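*Asks:* Here is my input, please return the structure:
(chains A and B, ligands or ions: 2)
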Amino acid sequence: MSEIRLNNVVKRYGRVEVVHGINLEIAHNEFVVLVGPSGCGKSTTLRMIAGLEDISDGEIHIGDALVNDLPPRKRNISMVFQNYALYPHMSVRENLGFGLKIAKQPDAVVAERVDEAASILGLSELMDRTPAELSGGQRQRVAMGRAIVRHPEAFLFDEPLSNLDAKLRVQMRTEIKKLHSKVKTTVVYVTHDQVEAMTLADRIVVMKDGHIEQVGTPMEVFNHPLNTFVASFIGSPPMNLIPARIEDGKVVFGDKTGVPLPNRLSEFVSDGQEVIFGIRPDDMTPEGHGISDSGQSATLELTVDLAELLGTETLLYTHLGGQEALGKMFDPRHVQENETLKFRLSLDKAHLFDAGTGKSVRPD
Amino acid sequence: MNASLRKRLVAIATWIATFLLMMIICLPGLWVVLTGFRPNREVLSKPAIWIPEQFNLNNFAKIFGFGAEQVAIPVPAYFTNSLVIALTSTAIALIIGMSGGYAFARFRFPFKNSIFLGLMLSRTVPGIALSLPVFMIWSRLGLIDTKMGMIIVYTALNIPFTIWLIDGFFRQVPKEMSEAAQVDGCTRWQAFWRVEFPLAKSGIASAGIFAFLTSWNEYALASQLTRSTDSKTLPVGLMDFTAQFTIDWAGMSAMAVIIIIPALILTFLVQKHLIAGLTFGGVKG
Ligand SMILES: Nc1ncnc2c1ncn2[C@@H]1O[C@H](COP(=O)(O)OP(=O)(O)OP(=O)(O)O)[C@@H](O)[C@H]1O
Ligand SMILES: [Mg+2]
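*Replies:* Ligands and ions are numbered 1, 2, ... in the order given. From the prediction side, this is the model:
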């Protein structure tokens, strides 16, 4: 069993605390993605799990062992670095076999495991090249191969795809997903790309400024963001967040326009409460151009400042309650500049956050 | 056709220019080498004899004590001294340079920048300016005219440079290399020898060559601190060829050739590393 448990883990550099008491349990064979903006402490957290960074406070368990004071080599984990960190003076074969050689495995075992990893990752043709002779995607695969040959308890990935171009990134993303289904292991994966997080994760851990903001499955995090940060961070394009006030069972925006209070949220707010109304662009669509027309909704006439054609859909830049807001038009038709359209807002999918704390009013 | 002809001509012109330039640079050296194989008579004759009429190994036989003529100069002893002093001081300077360079490249410690600056500043003092203080201290310690004395001086002379050079090379080795190796099962020590050291090897080799050549060729300090066959080095020994009224140019040149040869051999042995340089491909970005 190789679950990973973080117990009040703190990291301080000198007197600056960058990770503030993180609690996290990662189950056996679970694929967990740490996501958050730059500098939020994702890498630091991952490196503490790897043993490359001291833990200032708290406990980290891998499997049954408390690993606080264990060096990386005794933690039975493997790591894929952002810059791959392949050994430039070794061939692909030697790179893959390095860990096993260090562990003094017999040559036959080394050869067998290296070949196995090479065939899983499609590296068999490249075994005698050096890293300098590989493309970015191939290096990436070698780095993953080096991680899997040792059959570790957990894989740690630190932004493994960020050096690849967009197309290759999508391709490698699928390969990582496939790899995980072939080589069942616990994975902790760091990225600042929320799409990667959504597509790969069994569970997403959203971090900000050294705190965990929310932990949940991709759908939970997407459908029930606990606060405005998660709401705006997960989902692309981001959720529209419009300051508003609850008045007489209505959500009233700054410019006195408003929408009815979403039924599913009515019991969690009180009259006069300052809130932030959140709605995703997908749920704010011109009539007849939405995903589904059922459920509670509100209709508003909004003027489109700019329409951005994406092919299967068009992004509509408009204003809601005096704030810039983004809508979507599925099955799009031509939209003229400054055209006024009837928008349908799916209130079933709208969110309300407390304006003071930024927390969702609905305690999920 | 025309363009390719032009290209050819440019290439040939470049080649000739390079050849001429190299000839000008190499001529004095070549002259020393040629002189080493000619009798003193011919070297000194006026008008100058450009094309050697006699060309033999007599000078070398002479200074090593074989053959008809004898010179009272203990070249084998000087050679041994030079070799022992240069090799030992280079080895020590490399070990310290590697430890220091690694520390400067990888670790954080108080006053790091000041210490580094101090090391570099110590290089700005010309060696000869140190000769008097060193002489006084060495004479108290009984290190005058000992190999040990020279080894210490040359080690000290070389350390700032080896640290600086090796630090630069370790800096180019991303620290993820060591981390990846540690995750792969290495101790920090193994990670160093298996991964970081091989990658900085060319830098360490260059530092070694420079340190060796500095010690091997140094004259100013050695001429002050050495006296006898116990510690006199080859460059100092060169002066033995000057008598009060005569200079044995031929013998001196022969000895110069003897000084040059080991340096050349060493450079050839290590040049592969120097040229290979750092061909990184393991990391990107
Ligand atoms: N060696 C260090 N000394 C001091 N502060 C550090 C050190 N390393 C990281 N930090 C700080 O710790 C915080 C978290 O850094 P970390 O590298 O974990 O961020 P990250 O979430 O991985 O960001 P990114 O997406 O940019 O990689 C940052 O504010 C950073 O400035
Ligand atoms: Mg990072």
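
*Asks:* Flag every residue of the stretch 151-300 of chain A that's near chain B.
*Replies:* Taking C-beta under 8 Å from any C-beta of the partner chain as the criterion, the stretch 151-300 of chain A approaches chain B at residues residue A:163. (Each C-beta comes from the backbone N, C-alpha and C, glycine too.)

*Asks:* check which helix or strand covers whatever residue of the stretch 151-300 of chain A ends up closest to chain B.
*Replies:* Among the residues of the stretch 151-300 of chain A, residue A:163 lies nearest to chain B; the distance is 4.8 Å by C-beta to the nearest C-beta. In the assignment (DSSP states H and E), residue A:163 maps to no helix and no strand.

*Asks:* so it touches residue A:81, yeah?
*Replies:* No - Residue A:163 lies out of contact with residue A:81 (C-beta atoms under 8 Å); the separation is 10.1 Å.

*Asks:* Looking at the two, which is more packed in?
*Replies:* Using other C-beta atoms under 10 Å in any protein chain shown as the criterion, residue A:163 and residue A:81 rank with residue A:81 on top: 22 against 18.

*Asks:* what residues are up against that one?
*Replies:* Residues counted as contacts of residue A:81 (C-beta atoms under 8 Å, 6 or more residues apart in numbering or on different chains) are A:143, A:158, A:160, B:176, B:179, B:180.

*Asks:* Over to it: give its phi and psi.
*Replies:* phi -90, psi 160 (degrees, to the nearest 10).

*Asks:* Against ligand 1, how distant is it?
*Replies:* Distance, residue A:81 to ligand 1, by C-beta to the nearest ligand atom, to the nearest Å: 12 Å.

*Asks:* per-residue pLDDT, that residue?
*Replies:* Model confidence at residue A:81, given as pLDDT, is 92.

*Asks:* distance of it from residue A:177?
*Replies:* Per C-beta to C-beta, to the nearest Å, residue A:81 is found 20 Å from residue A:177.

*Asks:* Ok, residue A:156 next?
*Replies:* Distance of residue A:156 to residue A:177, given as C-beta to C-beta: 17 Å.

*Asks:* The two: which is more packed in?
*Replies:* Set side by side, residue A:156 and residue A:177 show more neighbours around residue A:156, with 27 against 13, by other C-beta under 10 Å.

*Asks:* which non-adjacent residue is nearest the more buried one?
*Replies:* Once flanking residues are discounted, residue A:156 sits nearest to residue A:79: 4.3 Å by C-beta to C-beta, 6 or more residues apart in numbering or on different chains.

*Asks:* Show the contacting residues for the nearest residue to residue A:254 once chain neighbours are set aside.
*Replies:* Nearest residue to residue A:254, sequence neighbours excluded (C-beta to C-beta, 6+ apart): residue A:322, at 4.7 Å. Contact analysis of residue A:322 by C-beta under 8 Å, 6+ apart lists A:253, A:254, A:255.

*Asks:* With residue B:143 instead?
*Replies:* B:149, B:152, B:225.

*Asks:* wait, which of these is closest to residue A:195?
*Replies:* residue B:152 (63.2 Å; C-beta to C-beta).

*Asks:* List the single closest residue to that closest one in space, sequence neighbours excluded.
*Replies:* Nearest to residue B:152 is residue B:143, by C-beta to C-beta, 6+ apart, at 7.1 Å.

*Asks:* wait, is residue A:19 part of a helix?
*Replies:* No - in this structure, residue A:19 is strand, not part of a helix, as judged by DSSP: H, G, I helix; E, B strand; the rest coil.

*Asks:* Now do it against residue A:10, distance only.
*Replies:* 6 Å.

*Asks:* So between the two, which is more surrounded?
*Replies:* residue A:19 (27 against 16).

*Asks:* residue contacts, the closest residue in space to that one that isn't next to it in sequence?
*Replies:* Closest residue to residue A:19 in three dimensions, ignoring its sequence neighbours and counting by C-beta to C-beta, 6+ apart: residue A:11, at 3.9 Å. For residue A:11, the contact set (C-beta under 8 Å, 6+ apart) comprises A:17, A:18, A:19, A:41, A:44, A:45, A:48, A:53, A:55, A:56, A:210.

*Asks:* What of residue A:92?
*Replies:* A:118, A:123, A:126, A:127, A:128, A:129, A:130, A:131, A:134, A:142, A:145.

*Asks:* rerun at 7 Å
*Replies:* A:123, A:126, A:127, A:129, A:142 (C-beta atoms under 7 Å, 6 or more residues apart in numbering or on different chains).

*Asks:* can you tell me which of those residues lies nearest to residue B:38?
*Replies:* residue A:129 (54.4 Å).

*Asks:* Can you name the residues that contact that closest one?
*Replies:* Counting by C-beta under 7 Å, 6+ apart, residue A:129 touches A:91, A:92.

*Asks:* Tell me the backbone dihedrals of residue 107, please.
*Replies:* I went with chain A, as the question did not name one. Residue torsions, per degrees, to the nearest 10, at residue A:107 are phi -50, psi -40.

*Asks:* got it, and the one 5 residues further on?
*Replies:* Main-chain torsions, residue A:112, degrees, to the nearest 10: phi -60, psi -50.

*Asks:* Run a quick neighbour tally on it.
*Replies:* The tally of other residues near residue A:112 (other C-beta under 10 Å) stands at 14.
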